[in-house]
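Peer 1: The following comprises the amino acid sequence and a computationally predicted model.
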Amino acid sequence: MQDRRSVALVAAVVGAATLGAEIAAARLLAPWFGASTIVWANTIATVLVALSGGYYLGGRLADRDPTFAGLCKLVLLGAGLMAAVPFVAGPFLRVSVDALDSVEAGAFVGSLLAVLILIAAPVLVLGCVSPYAVRLSVGALDEAGRVAGRLYAISTLGSLAGVFLSALVLIPFVGTRRTFLVFALALGLAAILGLRQRVALLAPALVALLIALPTGTVKATTDGRVIWEAETEYQYARVVEFDDGERQLELNEGQAVHSVFRPGTYLTGNYWDEPLVLPFAGRATPPRSIAILGSAAGTVARAYGHYFPATRIDAVEIDGELTEVGERLFDFRAPHLETHAADARPWLRATDRRFDVIYVDAYRQPYIPFYLATKEFFRLARERLNPGGMVIVNVGHPEDSNKLEKVLTATMGSVFGHVARDPAQDVNTQLIASENPVTPEILRASIPALPAELRATAGDTAARLAGPLRGGRVYTDDVAPVEWLIDASIVQVAADGER
């Protein structure tokens, strides 16, 4: 019978690698498909199915070759498959996203297929280890229960260590891709215990070499050059600069632009210009204060500081590295600006400040966080407004789909007396809520007093400004199926386009 301590060590390492890979897999998918409950459900379900298959297969393999060398061969195979994940992830996910974009099938199918292909194979192989380890460690029938219980406890403690090691140490400090390689290296080292041939030593050496390789740009760009990129605590982000000097902050692997900088101007010709003039649809004077929830690299805040230098600006962005790159590369500054690296709703709850305008633009495409789309959130926002203040929400949505807009309209309308809409772009609608009327007439009357560069934008906005759409459901903190709503909208738009 094999030394039980060696078997237990292998079981612990495999447990750590399996759960560590699950955490890293969800992080690997997040920039492409988001980090919604749907993506997490796909990841967890795939891991569980793969483990189940591994348990079944491992039991059969253990009966055929009940040797420690046989167990370690499986571990070495799992190490090789896990080491391959970060190298096939970029090309595969890029093809997957591009294909899904062409039919717009939504995050559910995409994330499921990606997880299946990327992590199911190594997890399946690692799942073989537990029954194999029990088979090797049981010496007599009367100790089977005790031995199995001990091994599963050791494996579970290893899994716990893998979760915290990946989430708190590896992903923040070495990155998602190298997290897979570190666990692959640990598996390779564990496999050496039973494979003492020289060839076995090559596997850990090869994985260690891969760890040292630079990761490079995850997704290349053909329209400009990448001048900055980082895998932040929350996502992969990069800045692309074009020949005319324009810079764009891209998240979601280039699938979404979250900030724009154009040399010599503060206007973008896009939805970022709308919050500069929409407050004048409900008031005659510039806002004395504004909170921007989801400021990214500061496009809106920078423009406010230029056109309304007396306005106090609180720019809230959960990813502090985006604020830092905004200050370096997007001219993110204003006379009365204070930046906050914080999640929007907890920050709004904790602050004792009051605002004339609260602007919400906190998307991780294609989803808005559900807790920023509920009745309780808008009640909190109303409590943080000065009398006559307003909440403006940028509603990103699939083209020709208004389901999310209707839901947010109904939810905001359950808290505020007046709601209006500005369909600024095919995929962006600005919703405005206030206790005071919000009308195009009020905005037109304010145009002569606006800075000259904003008057055309204000005129165009007044021409679009209209009453709210009806028919949406009021979302609450208890029930707010934002992910399902958006995915259903994407699928519906795709289906209509095929007819």
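Peer 2: Alright, I've got the coordinates. Numbers count the residues shown, from 1 in each chain.
Peer 1: counting contacts, what elements does the host helix or strand of Val300 pack onto?
Peer 2: Val300 is part of helix 299-307 when elements are defined by DSSP states H and E. The helices and strands touching helix 299-307, judged by 3 or more CB pairs under 8 Å, 6 or more residues apart in numbering; DSSP states H and E, are strand 256-261, helix 274-277, strand 289-293, strand 312-317. From N, CA and C alone the C-beta is placed, and that goes for glycine too.
Peer 1: Repeat the analysis, applying 7 Å as the threshold.
Peer 2: Counting contacts by 3 or more CB pairs under 7 Å, 6 or more residues apart in numbering; DSSP states H and E, helix 299-307 is packed against helix 274-277, strand 289-293, strand 312-317.
Peer 1: Minimum distance to Pro131: which of these has it?
Peer 2: Set against Pro131 and scored by CB to CB, these come closest in strand 312-317, at 47.7 Å.
Peer 1: so what strands line up beside that closest one?
Peer 2: Listed by DSSP bridges, the sheet partners of strand 312-317 and their directions read strand 289-293 (parallel), strand 337-341 (parallel).
Peer 1: Turn those into TSV, columns for distance to Leu74, mean neighbour count and mean pLDDT.
Peer 2: Shown next, in TSV, are the strands paired with strand 312-317 (distance: least, CB to CB, whole Å; neighbours: other CB atoms under 10 Å; pLDDT from 0 to 100):
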stretch	distance to Leu74	mean neighbour count	mean pLDDT
strand 289-293	49	25	98
strand 337-341	44	18	97
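Peer 1: about what we covered before: and for the helix holding Val300, what are the contacting residues?
Peer 2: For helix 299-307, the surrounding residues in contact (CB atoms under 7 Å, 6 or more residues apart in numbering) are 259-260, 266, 268, 272, 275-276, 290, 292, 295, 311, 313, 315, 330-335, 337, 359, 451, 454.
Peer 1: rerun at 8 Å
Peer 2: Residues from elsewhere that reach helix 299-307 (CB atoms under 8 Å, 6 or more residues apart in numbering): 259-261, 266-268, 272-273, 275-276, 290, 292, 295, 311, 313, 315, 330-337, 359, 361, 451, 453-454.
Peer 1: Return that helix as CSV; C-alpha atoms alone will do.
Peer 2: C-alpha atoms of helix 299-307 as CSV (Å, rounded to 0.1, in the frame of the first residue of the first chain):
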residue,chain,number,x,y,z
THR,A,299,-15.0,61.9,-19.6
VAL,A,300,-18.1,63.4,-18.1
ALA,A,301,-16.3,64.8,-15.0
ARG,A,302,-13.6,66.5,-17.1
ALA,A,303,-16.2,68.2,-19.3
TYR,A,304,-18.2,69.4,-16.2
GLY,A,305,-15.1,70.9,-14.8
HIS,A,306,-14.5,72.8,-18.0
TYR,A,307,-18.0,74.1,-18.8
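Peer 1: Run through this protein and note the low-pLDDT ranges.
Peer 2: Within the chain, the ranges that satisfy pLDDT under 70 run 1-2, 30-36, 38, 90-115, 172, 196-222, 252-255, 364-367, 487-499.
Peer 1: quick one, strands of it?
Peer 2: Along the chain, the stretches classed as strands by DSSP state E are 225-231, 236-241, 247-251, 256-261, 289-293, 312-317, 337-341, 355-360, 385-396, 418-425, 428-434.
Peer 1: Could you dump those strands into a markdown table and include distance to Gly472?
Peer 2: Formatted as a markdown table, those follow (distance: least, CB to CB, whole Å):
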| stretch | distance to Gly472 |
| --- | --- |
| strand 225-231 | 37 |
| strand 236-241 | 32 |
| strand 247-251 | 27 |
| strand 256-261 | 24 |
| strand 289-293 | 21 |
| strand 312-317 | 26 |
| strand 337-341 | 31 |
| strand 355-360 | 17 |
| strand 385-396 | 11 |
| strand 418-425 | 11 |
| strand 428-434 | 11 |
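Peer 1: how about the ones you listed, which one is nearest Val479?
Peer 2: Using CB to CB as the measure, strand 385-396 is the one of the strands of the chain that comes nearest Val479, at 19.2 Å.
Peer 1: So which of the strands paired with strand 312-317 is nearest Phe87?
Peer 2: Closest to Phe87 of the strands paired with strand 312-317, according to CB to CB: strand 337-341, at 32.3 Å.
Peer 1: sorry, back to before: turn the strands paired with strand 312-317 into a markdown table, columns for distance to Val300.
Peer 2: Compiled in a markdown table, the strands paired with strand 312-317 are given as follows (distance: least, CB to CB, whole Å):
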| stretch | distance to Val300 |
| --- | --- |
| strand 289-293 | 6 |
| strand 337-341 | 11 |
